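Visitor: quick one: sequence plus predicted model below, questions after.
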Amino acid sequence: MVKESQKIVALDQDIPVIDMSQERLRVSMQIVKACESIGFFKVVNHGVDPDVISRMEQESINFFAKPVLEKKSVGPVVNRPFGYGLKDIGLKGDIGEVEYLLLHTNPLFLSQLSSGNDSTKFGSAVTCYVEAVKQLACEILDLTAEGLRLPPHTFSKLIRAVDSDSVLRFNHYPSSDQFLSGANLSDKSVSLPRVGFGEHTDPQILTVLRSNGVGGLQVAFPDGRWVSVSPDPSVFCVNVGDLLQVMTNGRFLSVRHRAVTTGHASRLSMAYFAGPSVHAKIGPLPTIVTAADQPRLYRTFTWADYKKFAYSLGLGDNRLDIFRSRVDEEDELGF
Ligand SMILES: C=C1C[C@]23C[C@@]1(O)CC[C@H]2[C@@]12CC[C@H](O)[C@@](C)(C(=O)O1)[C@H]2[C@@H]3C(=O)O
Ligand SMILES: O=C(O)CCC(=O)C(=O)O
Ligand SMILES: [Fe+2]
């Protein structure tokens, strides 16, 4: 159950909606402003083919409608956290009213993807969707770099790397008649809303999320308000991840967010987490540190180090603080 202190006090009129069909300079300035002030925004006129989206949505509806045993057998067989999950999030005992499918987006993995009889259709829908959202993520990152007056591919080159460690996640928050714990609304002990996906930040560079028309996503504003994002299947929600906060030396905010479920209808979300190669060295960009005349806030680390540490913690724990620079530390990054 969501605690009293964590309840929503605002709806999303304060969330920036960025029209990507505007003049490029304007879009890039709006993106930078949104990343600095909240770390979250919506994009419209994003150019992603609606057929690619609706095909992916239909395939994920079909997937979650299957019996649990079949969902668990989605292949190729991989270790947790990948594959189908029911309520368990991560490796540290976090749970939520959610079932999900977590896939690595490496093309070799996607080419082997199988999900029962409809494997080819499912695999091809995923491949097309990943290609489209990756393209969108790279475009947004290029605009971001331009807005910060950095070389245009500063961030997107990390995502375009052949060994980029990007993942795709499908989340299904069932309606109360399908609650995963077996409870239903006629049971007076069931308190609503319930936590679907607990409060957290996304560890990667950038997240591009699309949902059906059912709400549930909430973002924490810097002033302490939790803002409920109104659902719109035609937009993509974009949020800054931990690595982008580090690379911008804290200028951009990796926003805390969560998903709650009211049980009125089932929510389906699909999130693409754009990440670098596990070997990539991540640290504050020297130009940003110098230009802003700011002390360097974070050390340099590899994405592999960061992920390993993230998985040793719970969902809502602060991961970034441990990577803060010590005062006596030199800037050792040759980025
Ligand atoms: C508890 C955890 C689950 C998570 C990895 C983590 O250690 C902390 C972040 C979680 C998160 C949030 C964004 C993505 O959904 C995810 C796949 C990711 O990369 O970081 C999940 C991880 C997960 O569910 O395995
Ligand atoms: O389902 C949602 O809207 C949010 C999911 C989320 O934050 C995540 O998968 O990391
Ligand atoms: Fe998230």
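Guide: Cool, the structure landed. Ligands and ions are numbered 1, 2, ... in the order given.
Visitor: contacts, neighbours, all on C-alpha from now
Guide: Will do.
Visitor: measure the nearest residue in space to residue 210 that is not next to it in sequence to residue 46 for me?
Guide: Leaving aside its sequence neighbours, residue 210 sits nearest to residue 236 (Cα to Cα, 6 or more residues apart in numbering; 5.0 Å). Distance from residue 236 to residue 46, counting by Cα to Cα, to the nearest Å: 8 Å.
Visitor: what does residue 17 give?
Guide: Applying Cα to Cα, the value for residue 17 to residue 46 is 11 Å.
Visitor: need phi/psi at the closest residue to residue 309 other than its chain neighbours.
Guide: Spatial nearest neighbour of residue 309, chain neighbours left out: residue 319 (7.5 Å); criterion: Cα to Cα, 6+ apart. Phi and psi for residue 319, reported as degrees, to the nearest 10, are phi -100, psi -30.
Visitor: and the strands in the stretch 151-300 of the chain?
Guide: 167-173, 194-200, 206-211, 217-220, 226-228, 236-240, 257-261, 267-274, 281-282 (DSSP state E, counting those that start in this stretch).
Visitor: so what pLDDT did the nearest residue to residue 250 once chain neighbours are set aside get?
Guide: Leaving aside its chain neighbours, residue 250 sits nearest to residue 297 (7.1 Å; criterion: Cα to Cα, 6+ apart). Residue 297 is assigned 96 on the pLDDT scale.
Visitor: look at residue 297 and say how many residues are nearby.
Guide: Neighbour count for residue 297, taken as other Cα atoms under 10 Å: 19.
Visitor: mind checking how far it is from ligand 1?
Guide: Residue 297 is 21 Å from ligand 1, where distance means Cα to the nearest ligand atom, to the nearest Å.
Visitor: thinking again about what came up before, show me what contacts the residue nearest to residue 309?
Guide: Neighbour list for residue 319: 309-310, 313 [criterion: Cα atoms under 8 Å, 6 or more residues apart in numbering].
Visitor: top of these by number of neighbours, please.
Guide: Tallying neighbours with other Cα under 10 Å puts residue 310 at the head of the contacts of residue 319, with 18 neighbours.
Visitor: ok so it is a strand residue?
Guide: No. Applying DSSP: H, G, I helix; E, B strand; the rest coil, one finds residue 310 to be helix, outside a strand.
Visitor: which stretches of the chain have low pLDDT?
Guide: 1-9, 77, 115-119, 179-191, 292, 327-335 (pLDDT under 70).
Visitor: go through it and flag its longest strand.
Guide: Longest strand in the chain by number of residues (criterion: DSSP state E): strand 94-104.
Visitor: got the angle for that strand vs strand 194-200?
Guide: Per axes from the mean of the first three to the mean of the last three Cα atoms, to 10 degrees, the angle that strand 94-104 makes with strand 194-200 is 70 degrees.
Visitor: residue 168 contacts residue 270, doesn't it?
Guide: Yes. The criterion here is Cα atoms under 8 Å, and residue 168 meets it with residue 270 at 7.1 Å.
Visitor: mind listing what the nearest residue to residue 239 once chain neighbours are set aside touches?
Guide: Leaving aside its sequence neighbours, residue 239 sits nearest to residue 40 (Cα to Cα, 6+ apart; 4.4 Å). With contact taken as Cα under 8 Å, 6+ apart, residue 40 is in contact with 15-16, 34, 219, 237-240, 255.
Visitor: distance of residue 40 from ligand 1?
Guide: Noted for residue 40: a distance of 14 Å to ligand 1, by Cα to the nearest ligand atom.
Visitor: how many other residues sit next to the residue nearest to residue 203 when sequence neighbours are not counted?
Guide: Take residue 203 and drop its neighbours on the chain: the residue closest to it by Cα to Cα, 6+ apart is residue 242, 4.7 Å away. A count of nearby residues for residue 242, using other Cα under 10 Å, gives 22.
Visitor: same check on residue 60?
Guide: As a burial measure, residue 60 scores 22 neighbours (other Cα under 10 Å).
Visitor: that one falls within a helix, correct?
Guide: Yes. Under three-state DSSP, residue 60 falls within a helix.
Visitor: that one touches residue 170, doesn't it?
Guide: Yes. The criterion here is Cα under 8 Å, and residue 60 meets it with residue 170 at 7.3 Å.
Visitor: distance from the chain centre to the lengthiest helix in the chain, please.
Guide: Assignment by DSSP state H gives helix 119-147 as the longest helix of the chain. From the chain centre to the centre of helix 119-147 is a distance of 13 Å (Cα atoms, centre = their mean, to the nearest Å).
Visitor: skip the chain neighbours and tell me the closest residue to residue 88.
Guide: Closest residue to residue 88 apart from its sequence neighbours, by Cα to Cα, 6+ apart: residue 95 at 4.6 Å.
Visitor: which bits of the stretch 101-250 of the chain sit near ligand 2?
Guide: Neighbours of ligand 2 within the stretch 101-250 of the chain, by Cα under 6 Å from any ligand atom: 171, 202, 217.
Visitor: for the last one, list the residues it contacts.
Guide: The contact partners of residue 217, by Cα under 8 Å, 6+ apart, come to 228-230, 257-260.
Visitor: dump the residues you listed to JSON lines, plus neighbour count and distance to residue 178.
Guide: Formatted as JSON lines, the contacts of residue 217 follow (neighbours: other Cα atoms under 10 Å; distance: Cα to Cα, whole Å):
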{"residue": "228", "neighbour count": "24", "distance to residue 178": "23"}
{"residue": "229", "neighbour count": "21", "distance to residue 178": "23"}
{"residue": "230", "neighbour count": "15", "distance to residue 178": "23"}
{"residue": "257", "neighbour count": "22", "distance to residue 178": "24"}
{"residue": "258", "neighbour count": "19", "distance to residue 178": "21"}
{"residue": "259", "neighbour count": "24", "distance to residue 178": "17"}
{"residue": "260", "neighbour count": "25", "distance to residue 178": "15"}
